[in-house]
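# how does the following fold in three dimensions:
(one chain, ligands or ions: 1)
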Amino acid sequence: MIETDIIIIGAGPVGLFTVFEAGLLKLRCHLIDSLPQPGGQCSEIYPKKPIYDIPGFPSVLAGDLIDGLMEQAAPFKPGFTLGEAAVTIDKQEDGSFIVTTDKGTQHHAPIVMIAGGLGVFEPRKPPIDNIVDFEDKGVNYIIKDPEFYRGKRCVLAGGGDSALDWSIFLAEKGIASEVALVHRSASFRGHLDSVQKVIDLAEAGKIKLITEAEVVGLEGNGTLERVVINHQKEGDFVKETDYFIPLFGLKPSLGPIADWGFEIEKGAIRVDTRDYSTNIKGIYAIGDVNTYEGKLKLILCGFHEGTIAVQSAFAIIHPEKKNVLKYTTVNGVQGF
Ligand SMILES: Cc1cc2nc3c(=O)[nH]c(=O)nc-3n(C[C@H](O)[C@H](O)[C@H](O)COP(=O)(O)OP(=O)(O)OC[C@H]3O[C@@H](n4cnc5c(N)ncnc54)[C@H](O)[C@@H]3O)c2cc1C
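Residues are numbered from 1 along each chain as shown. All right, here's what the predicted structure looks like:
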């Protein structure tokens, strides 16, 4: 059981900045995110795009903003449970909460902040009838740790940057014993230099490039042993493999958050704008995941909401203490 003061569900920009604001009040945070890396939409959707409306930064790349937020939060030593989705919140008799993930990791705290943005990013799955039978038994939709594939035969699929970049990584560093990249078209959507790199590695015999083809079947006894590939001109053939990794992108869905008893309005959690609390005492909703009159889904608005919410959380955690606002210019940043 992971013990902390505030469990933050969602490690996007808003969740990360909330760690800093909570830290100033000497409250510890632990973040849970279904993605393998922090940063939410900024890291997952547009890391290389400049943002122009972060106060004090005329222009900042979304990925650099996340790096800065991680650095700012670091003195307060946040904990992370990454690559796991929070699936249940159970209120305890003393008013505290246990949050459990899809992998069974449990977290306990008096306060929960939902900073879930657009929700859980779910993988787009290829339409193969028995694919769920092989999930985590040879079929993976995200690569969390490339070392997991050391010495293994991998078939990747997709035409975007993710499929290209991971094929290059696994092949170039000699991690996988065999890398095949299957793509249904002859052209790719990813960056031109990544496409060229894949072609070069294919010519060097390090990647088996199978274009104008799709994986249409999965076979194995309990775990994956073979994929059936349909080539548009040559028809079906079978390829032995240890892993099939379709990287077709992720789509957001509110996911389990919708079932936790909140007032949901237009796919977002209704909050009280005095402190961004939900209808469940001790649970707050901040950032893109909440709604109220005049709501704007902007990063700077989420920063404000997290800042106000931790003040209210402090009063629940320390009802006996009076919190006096202290400027960082006066007190500095006293980490844990
Ligand atoms: C292309 C694009 C450009 C944008 N440009 C701007 C801009 O210029 N300026 C601006 O202010 N905003 C911009 N935005 C919007 C901005 O990115 C969002 O407002 C911001 O990301 C919201 O932050 P957040 O932390 O609330 O949520 P998110 O960034 O969505 O992060 C939420 C995280 O919660 C996780 N999560 C959800 N449910 C669960 C669960 N049950 N268990 C575990 N994890 C969960 C998700 O995996 C995700 O990582 C842009 C958005 C896009 C897509």
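
# give the contact list for the residue in the stretch 51-200 of the chain positioned nearest to the ligand.
Residue of the stretch 51-200 of the chain nearest the ligand, by C-beta to the nearest ligand atom: residue 117 (1.8 Å). Glycine gets a C-beta too; all of them are placed from N, C-alpha and C. The contact partners of residue 117, taken as C-beta atoms under 8 Å, 6 or more residues apart in numbering, are 10, 12, 14, 40-41, 252, 287-289.

# give me the mean pLDDT for stretch 144-156.
Averaging the model's pLDDT scores along stretch 144-156 yields 93.

# list the contacts of residue 152.
Shown in contact with residue 152 (C-beta under 8 Å, 6+ apart): 176-177, 242-243.

# residues of the chain that sit close to the ligand?
9-15, 32-35, 40-42, 45-46, 51, 53, 85-86, 115-121, 255-257, 287-289, 297-300, 302 (C-beta under 6 Å from any ligand atom).

# show me those residues that map onto strands.
9, 32-33, 51, 86, 120-121 (DSSP state E).

# could those residues go into TSV alongside pLDDT?
Shown next, in TSV, are those (pLDDT from 0 to 100):
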residue	pLDDT
9	98
32	98
33	96
51	94
86	95
120	79
121	77
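
# now, of the residues you listed, which are buried?
Among those, those classed as buried by 16 or more other C-beta atoms under 10 Å are 9, 32-33, 51, 86, 120-121.

# quick one, phi/psi of the most centrally placed residue in the chain?
The chain has residue 35 as the residue nearest its centroid, 2.2 Å off, counting by C-alpha atoms, centre = their mean. The phi/psi pair for residue 35 (degrees, to the nearest 10) reads phi -80, psi 160.

# mind pulling up the pLDDT for it?
Residue 35 is assigned 89 on the pLDDT scale.

# can you pull out the residues in contact with stretch 255-263?
Stretch 255-263 has contacts (C-beta under 8 Å, 6+ apart) with 9, 34, 85-89, 114, 116, 119-120, 122, 264, 269-270, 278-280, 283, 285, 289.

# pull the distance from that stretch to the chain's centre.
18 Å (C-alpha atoms, centre = their mean, to the nearest Å).
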